[in-house]
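Colleague: mind folding the following:
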Amino acid sequence: MKRLLKYILAAVLLTAASASCRKDYEETFFLAVDYASIDFPFTEGHSYVQIHSTGDWTVSFAEGEVSWCHLDKTSGSGRGAVRVDVDANMSGAARTATLLVRREDVCKEIKINQKTVN
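Modeller: The predicted model follows:
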C-alpha cells in the first residue's frame, strides 16, 4: 500500500512539475527599417530600404500612388530590401512622399524627400 501511495504521489508531483514548465506566450511582431527618411537630389536616383521582420510585410505610399517615386516590390517576408527609385524633379518645387512599411498592427514610416532643380 505504501508503495502504491509513493507511485501516486510521484505521478502527481511529475504532472504538477511538467504543467508549471509550460509557458503561455504572446506572439510579438517585430518590424524594423534602416531609415526614417531618405533625401534625394533633384536628379533621378535610387536607394534601398532594408526591412527586418518576424514575418510577412507590405510597403505602400500613404498618399496612394506617387507618380515620381517607384518601388521594385510591395511585399516580402522576413529580411528583405525594397529599391526606391525617383524620377528627376524639374518641377520647381521640392516634393515628399511617405512610405509605409507594415507588419500586422506595426507600421513604420519613411519620409521620401526630393529637392528641386535650382
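
Colleague: with adjacent residues omitted, what lies nearest to the residue nearest the centre of the chain?
Modeller: Geometric centre of the chain, nearest residue: residue 31, 3.3 Å, by C-alpha atoms, centre = their mean. Among residues not flanking residue 31 along the chain, residue 103 sits closest, at 4.0 Å (C-beta to C-beta, 6 or more residues apart in numbering). Any C-beta I mention is one placed from the backbone N, CA and C, and that applies to glycine too.

Colleague: so who does residue 107 touch?
Modeller: 31, 100, 101 (C-beta atoms under 8 Å, 6 or more residues apart in numbering).

Colleague: could you pull out the helices for the protein?
Modeller: Here the chain has its helices, by DSSP state H, at 2-21.

Colleague: can you list the low-confidence ranges for it?
Modeller: 1-2, 4-28 (pLDDT under 70).

Colleague: follow-up on the earlier one: and the contacts of residue 107 as TSV, adding distance to residue 63?
Modeller: Converted to TSV, the contacts of residue 107 look like this (distance: C-beta to C-beta, whole Å):
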residue	distance to residue 63
31	21
100	10
101	15
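
Colleague: list just the nearest of those residues to residue 72.
Modeller: Using C-beta to C-beta, residue 101 is the member of these that lies nearest residue 72, at 14.1 Å.

Colleague: so that closest one sits right up against residue 51, yeah?
Modeller: Yes. With contact defined as C-beta atoms under 8 Å, residue 101 counts as touching residue 51 (5.9 Å).
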